[in-house]
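Engineer: pasting the sequence and the predicted coordinates here, then a few questions.
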Amino acid sequence: ADIILDPKIHGLLNQITQFPFISFEHFDFPVNWRTLIKRGLRFLPLWTTDKLSGIYAVDLKVRAECEDPEKIKTIEQGEDTFMQQCIKAKYPTKFFHVKNIHLRPKEDPARHYRRGKYYWKTAKRGFAKTILSAVISCRYNLIKGYIHARFGGK
């Protein structure tokens, strides 16, 4: 992905000793429906406890301590989600609202389907939250992927 990082990140990295996994928000450019929805929902408690983006900093010693190398081998996709879950089980994590810009975001039905599969396979995300997220963001194939992964099928 092409990403322009917010200069504020530099000042936030010193918190890695308190929060061994830090994730940073990003916005799509050009602005799309997903970005507008994310901005509108960022204050709802439903989405505040487990936020993760593809932009993160991690304490590698803590990662080595928390992750099981054998379990990592079973992850098809969503390694960052798995890493966050492992670290979060023992240590506090942090999500920062900064203004990173994601250039050339990709949105397509196949990508949504795969994301839905890994919402269940890796994140074990709840059914209601997945459905709500998919409907709000107009990613209906996400529901299909989630259902296939969780209840069998394709």
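Structural biologist: Structure's in. What do you need? Note that the coordinates shown come from a computational prediction; the quantities given were computed from them, not determined experimentally.

Engineer: where exactly do the strands run in the chain?
Structural biologist: Ranges of strands within the chain are 2-4, 21-29, 56-58, 93-103, based on DSSP state E.

Engineer: who are the packing partners of the longest one?
Structural biologist: Which is strand 93-103. Strand 93-103 sits against strand 2-4, helix 8-12, strand 21-29, with contacts defined as 3 or more Cβ pairs under 8 Å, 6 or more residues apart in numbering; DSSP states H and E. In short, each C-beta sits where N, CA and C put it, glycine included.

Engineer: ok now the last one, how far from the chain's centre?
Structural biologist: The gap between where strand 21-29 is centred and where its chain is centred comes out at 9 Å by Cα atoms, centre = their mean, to the nearest Å.

Engineer: over to the second one?
Structural biologist: The chain centroid and the centroid of helix 8-12 are separated by 20 Å, computed with Cα atoms, centre = their mean.

Engineer: what mean pLDDT does it get?
Structural biologist: Model confidence over helix 8-12, given as mean pLDDT, is 95.

Engineer: same check, this time on the first one
Structural biologist: Summarised as a single mean, pLDDT over strand 2-4 is 90.

Engineer: one more: the longest one?
Structural biologist: Here strand 21-29 scores 89 as its mean pLDDT.

Engineer: list the residues that contact the residue lying closest to Arg115 once chain neighbours are set aside.
Structural biologist: Of all residues beyond its chain neighbours, the one nearest Arg115 is Leu142 (5.6 Å), with distances taken as Cβ to Cβ, 6 or more residues apart in numbering. Contact analysis of Leu142 by Cβ atoms under 8 Å, 6 or more residues apart in numbering lists 112-113, 115-116, 119, 130, 133-134.

Engineer: neighbours of Lys71, how many?
Structural biologist: By the criterion of other Cβ atoms under 10 Å, Lys71 has 10 neighbours.

Engineer: where does this protein dip in pLDDT?
Structural biologist: Applying pLDDT under 70 to the chain flags residues 1, 42, 44-50, 153-154.

Engineer: quick test: name the residue nearest the centre of it.
Structural biologist: Residue closest to the average C-alpha location in the chain (Cα atoms, centre = their mean): Leu52, at 3.5 Å.
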